[in-house]
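S.K.: what follows is a predicted protein model with its sequence.
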Amino acid sequence: MNQNKHGIIGASNCGCASDDVAKYPLANNPYSSALNLNSCQNSSILNWINIIGDAAKEAVSIGTTIVSLITAPSLTGLISIVYDLIGKVLGGSSGQSISDLSICDLLSIIDLRVSQSVLNDGIADFNGSVLLYRNYLEALDSWNKNPNSASAEELRTRFRIADSEFDRILTRGSLTNGGSLARQNAQILLLPSFASAAFFHLLLLRDATRYGTNWGLYNATPFINYQSKLVELIELYTDYCVHWYNRGFNELRQRGTSATAWLEFHRYRREMTLMVLDIVASFSSLDITNYPIETDFQLSRVIYTDPIGFVHRSSLRGESWFSFVNRANFSDLENAIPNPRPSWFLNNMIISTGSLTLPVSPSTDRARVWYGSRDRISPANSQFITELISGQHTTATQTILGRNIFRVDSQACNLNDTTYGVNRAVFYHDASEGSQRSVYEGYIRTTGIDNPRVQNINTYLPGENSDIPTPEDYTHILSTTINLTGGLRQVASNRRSSLVMYGWTHKSLARNNTINPDRITQIPLTKVDTRGTGVSYVNDPGFIGGALLQRTDHGSLGVLRVQFPLHLRQQYRIRVRYASTTNIRLSVNGSFGTISQNLPSTMRLGEDLRYGSFAIREFNTSIRPTASPDQIRLTIEPSFIRQEVYVDRIEFIPVNPTREAKEDLEAAKKAVASLFTRTRDGLQVNVKDYQVDQAANLVSCLSDEQYGYDKKMLLEAVRAAKRLSRERNLLQDPDFNTINSTEENGWKASNGVTISEGGPFYKGRAIQLASARENYPTYIYQKVDASELKPYTRYRLDGFVKSSQDLEIDLIHHHKVHLVKNVPDNLVSDTYPDDSCSGINRCQEQQMVNAQLETEHHHPMDCCEAAQTHEFSSYIDTGDLNSSVDQGIWAIFKVRTTDGYATLGNLELVEVGPLSGESLEREQRDNTKWSAELGRKRAETDRVYQDAKQSINHLFVDYQDQQLNPEIGMADIMDAQNLVASISDVYSDAVLQIPGINYEIYTELSNRLQQASYLYTSRNAVQNGDFNNGLDSWNATAGASVQQDGNTHFLVLSHWDAQVSQQFRVQPNCKYVLRVTAEKVGGGDGYVTIRDDAHHTETLTFNACDYDINGTYVTDNTYLTKEVVFHPETQHMWVEVNETEGAFHIDSIEF
């Protein structure tokens, strides 16, 4: 390992970057690659088996330094550790960067699929980006020692240069559009470089989030939310690394069935864990939102080194244990790797010894070797012991102390190239165990012939600062030993040809679960000492740093023993990292009592585990333990089955009111600053009204005693932001004070819309939409007039949905943008005060809402998942705002299903900005198409309008529509009505109450038709002659009924003895016309007869083959109109309807 100051090779004496490097370090990069691909590719398995690769050596040291970095207590300490880290990354003990070394190591087991220039570019860009980060770090160091405007300006400049370079080479973890560290077909070879570069980028963004306000970083325009960028890139970089790790893992797993194929696969898994996955596991702890102070970070994964067996380092000298003839194979070797199990600690080993013999002399011991193991292990903070058993057990045993072993020197023996074993092992203990060495001793025969050959194999992982670990400097300790055959052929009966494999855990996995009163303590839950029934251990999905606990039903997770410093009487908050397919309630019990927290679901059943599947949730209630050691019991409720719950770790956060108040102040300042433009005279375009309310909540939660003045100033600023938010909102009455007013615009709503006020998730009012009633949707809408809009401009509709099912959101201009929101009700906290005087704990509520929104903001989503987010935005573009058409924007919210509902608020329609470039061109094309379509529709509408108008004109004899034409009947009115009904675009297809572009002419014609119908009804002496009111006013017998076809009602006589009649009054000695529209169905005749008291009678006869009033011949099932003139001589009249057979349908009877 490099021992230079700060670990930097070739650093200038002044500690400053040269101008050339600061401006563009890649142009003459001293760390550009000189890879010899041939030597890397031609590395035989004989050269690397039982040897940790150069890159993995450096990666072990790098990973351990990262663990130290996460726990760094101060900026000064952080800078020193990062200097050391840079030195190790750019040139450790080998003098080559981790990028060079990792590519070369991987090429010994992975095929080369790209040109050397692609790899050289990647290496050069990686090294150059780290140099840029070092330049930034030097500026940070200078600013930390002497903060002033000049040092801050230099720091901001170098920060932005480094940030841009990382963006360029990492391309946000894109799987399809990779930068120089993610080139096509080179992703796996460059993955260690990518992971290390990603770590530096996230570390850079963490600094910006933590200290950037003090540099003036957030005063720039455009405003960049580096905290959001940090959280988003943690997920993107994690998913990228895991994706390509798995690609390589699966490729190598399918390579073959031989022992050699397994050794290559095993090397990939081991060394990529050290070079990639260990680094990725630290990403989540760089999230400054969750980890604002130093954090105890633990890696619980197990690294298995290569099996110990005799290897002929020259292929010409004999058969190694993995040679084909010895029958070791992929399947048997892989099956020897234990399934995930508890993270317990090795106390001692009981090693069984047995004989190696030849078949020709089975009673002659040529050697006595390691036959089997019983590893005695204990949980943290516990004296309980259990045994892990492997191999074959005999009565000849040796007990070896197992605590804190960092190195094992084994002696492998080979009998006749057919039988293998380990006859001796020396175990090195660390300084806490007196630096002693424990020895397992077997036997090797040295006299006579056909004796075994032996070989010494040293097994360890490097120290942090030494290639060979020492009692004071080591990174891993022995956690398990495994005796296995791996499929080796057994040539002598009752004898065992075998190998030994060692498993190692990182030293960060603490033997004692000590809760630190000054840092956040993370404890993997695989350290539970009593696992709940039904709990299983599952493999790390690639970003955890160890195994997970899983339950598929409710019940206990287990018991964790922890050590609290009771003398401090410290309070702690508890937090868990978990993934779940269902809503659960997690209870934690200890000496402090029991606390519980509702945890919402984070994923769907059947999904693969990804970074975004996991959430970190904090309990609302803090704890003060009263016993140490304490037993922490975790239980999942309520009852469920066939779901999946995964728990990674539990965290203990010390409550420090002074520090947390300061952090709250910084968070509030940052939240308020993020609302405004640089000149602070307007809001940033991307700021939403709900975000303003969130910032107001953060400010309100500040301590009046500690930060009274700051709070006052911030409240004034956030109130100004709220006023600006209201001023730019084009929606009228955003607080829903007046709904369904008589004014033209404003909110219009149906029944089922209610207003809620004072709820936990809105500072102002919100609306609730109840479920629809059959065909009657629940809706609320508002129109923004075209006079309020600008041509060729983008507008955005924003809002916040507490929960919803089948909520439809439409934005309509000359086209429609449609959203459907199915938002789970996962923001409800455990309890809220019932006493209105107590009010709502918005500080607690804000933390919960922020946690959920962070999950939504930074989790890549498909369309279904996007429909479940609480915040929504919908965009719509305006065209040329043709003055001849009212082209306002309609904002519509509706529920059309009988089980739908919604609660939403903070609604706003804001101007985003003028269209430009491709967006402008696209809108101009769309506007041209829309205008052409509008012209076509108008021409068609004008034709229909003229026909309908002419038809309606025929109904009247005057221009004032006061007198009906005596020659027309109901059929004429219906014909006109059908023409009017054919006019399109009368109402919006979103909500029928919204008028369309032809609403006015439709209304004009409909009003005239209504007048004609009124005059017709007034003129007709027969009551209810159109049967619109059923059989009202008619005397009817059985077999007579009124049926409906669309809007038309008609009388049906379905049997020959059915009859209807009516008596009415007329003016005697006047001319009347009896006009009947009817159809005869089937045989026989239908009759409508009119008579007066003087027994004068007229009858209209209908049959299936007849002539209408115009002399046109008609056939069966056709309505026709007949009429006859009648001069009544009396005041009383009767009309009767009957038939002889078949059916008789009467549309209307007029007199």
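M.R.: Alright, I've got the coordinates. Numbers count the residues shown, from 1 in each chain.
S.K.: and the strands in the stretch 501-650 of the chain, which stretches?
M.R.: For the stretch 501-650 of the chain, the strands defined by DSSP state E, counting those that start in this stretch cover 520-524, 530-531, 536-538, 548-551, 555-562, 572-580, 584-590, 593-599, 615-618, 630-637, 645-654.
S.K.: note down every partner strand of the second one and its orientation.
M.R.: Which is strand 530-531. strand 555-562 (antiparallel) (DSSP bridges).
S.K.: got the CA positions of the partner strand in PDB?
M.R.: C-alpha atoms of strand 555-562 as PDB (Å, rounded to 0.1, in the frame of the first residue of the first chain):
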ATOM      1  CA  GLY A 555     -44.900 -12.600  13.400                       C
ATOM      2  CA  SER A 556     -41.600 -12.100  15.100                       C
ATOM      3  CA  LEU A 557     -38.400 -11.200  13.200                       C
ATOM      4  CA  GLY A 558     -36.200 -12.000  16.100                       C
ATOM      5  CA  VAL A 559     -34.300 -10.700  19.100                       C
ATOM      6  CA  LEU A 560     -31.200  -8.500  18.900                       C
ATOM      7  CA  ARG A 561     -28.900  -7.900  21.900                       C
ATOM      8  CA  VAL A 562     -27.500  -4.400  22.100                       C
END
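S.K.: in stretch 482-502, which residues are buried?
M.R.: 482-488, 492, 495-502 (16 or more other CB atoms under 10 Å). Placement of C-beta: from N, CA and C, glycine included.
S.K.: scan this protein for its longest helix.
M.R.: Criterion DSSP state H: the longest helix present in the chain is helix 917-953.
S.K.: which parts of the helix or strand just after that helix are buried?
M.R.: Note on helix 917-953: by DSSP states H and E, the next helix or strand toward the C-terminus is helix 970-981. For helix 970-981, the neighbour count (16+ other CB under 10 Å) marks 970, 971, 972, 973, 974, 976, 977, 979, 980, 981 as buried.
S.K.: likewise for stretch 583-599?
M.R.: Quick answer for stretch 583-599 (16+ other CB under 10 Å): 583-584, 586-588, 590-592, 595-599.
S.K.: and that stretch, average pLDDT?
M.R.: Throughout stretch 583-599, pLDDT has a mean value of 94.
S.K.: repeat for stretch 52-63
M.R.: 90.
S.K.: ditto for stretch 227-234
M.R.: 93.
S.K.: now what about it, what contacts it?
M.R.: Contact with stretch 227-234 is made by 172-173, 198, 201-202, 205-206, 208-209, 283-284, 286-289, 611, 670, 854, 857-858, as judged by CB atoms under 8 Å, 6 or more residues apart in numbering.
S.K.: circling back to that earlier point, quick one: which of the buried residues of helix 970-981 is nearest residue 261?
M.R.: Proximity of the buried residues of helix 970-981 to residue 261 (CB to CB) peaks at residue 981, which lies at 76.2 Å.
S.K.: against residue 229, how distant is that closest one?
M.R.: 57 Å (CB to CB, to the nearest Å).
S.K.: now residue 327
M.R.: Taken as CB to CB, the span from residue 327 to residue 229 is 54 Å.
S.K.: who's more crowded, the two?
M.R.: residue 229 (19 against 16; other CB atoms under 10 Å).
S.K.: how about that one, secondary structure?
M.R.: helix (DSSP: H, G, I helix; E, B strand; the rest coil).
S.K.: which residues in the stretch 251-400 of the chain form helices?
M.R.: 259-272, 278-283, 330-335 (DSSP state H, counting those that start in this stretch).
S.K.: among those helices, which comes closest to residue 447?
M.R.: The nearest among those, by CB to CB, is helix 259-272 at 32.7 Å.
S.K.: what does the closest one contact?
M.R.: With CB under 8 Å, 6+ apart as the criterion, helix 259-272 contacts 45, 48-49, 52-53, 55-56, 59, 105-106, 109-110, 191-192, 245, 248-249, 252-253, 255, 303-306, 321-324, 326, 328-330, 333-334, 486-487.
S.K.: redo that, cut-off 6 Å
M.R.: Contact with helix 259-272 is made by 45, 53, 56, 109, 245, 252-253, 255, 303, 322, 328-330, 333, as judged by CB atoms under 6 Å, 6 or more residues apart in numbering.
S.K.: tabulate the CA atom coordinates of that helix in CSV.
M.R.: Taking C-alpha atoms only, helix 259-272 is exported to CSV below (Å, rounded to 0.1, in the frame of the first residue of the first chain):
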residue,chain,number,x,y,z
ALA,A,259,-14.0,-27.1,-11.5
THR,A,260,-12.0,-24.6,-13.5
ALA,A,261,-15.2,-22.9,-14.7
TRP,A,262,-16.3,-22.7,-11.1
LEU,A,263,-12.9,-21.2,-9.9
GLU,A,264,-13.3,-18.5,-12.6
PHE,A,265,-16.9,-17.9,-11.5
HIS,A,266,-15.9,-17.9,-7.9
ARG,A,267,-13.1,-15.4,-8.5
TYR,A,268,-15.5,-13.1,-10.3
ARG,A,269,-18.0,-13.2,-7.4
ARG,A,270,-15.3,-12.7,-4.7
GLU,A,271,-13.3,-10.0,-6.4
MET,A,272,-16.2,-8.1,-7.9
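S.K.: from the chain's centre, how far out does that helix sit?
M.R.: When distances are taken as CA atoms, centre = their mean, to the nearest Å, helix 259-272 is centred 33 Å away from the chain's centroid.
S.K.: contacts only, for residue 62.
M.R.: residue 88.
S.K.: one more: the one 10 residues further on?
M.R.: By CB under 6 Å, 6+ apart, the contact list for residue 72 reads 78, 81.
S.K.: and for residue 775, the neighbour number?
M.R.: Neighbour count of residue 775, defined by other CB under 10 Å: 6.
S.K.: no no, residue 154
M.R.: Residue 154 has 19 nearby residues by other CB under 10 Å.
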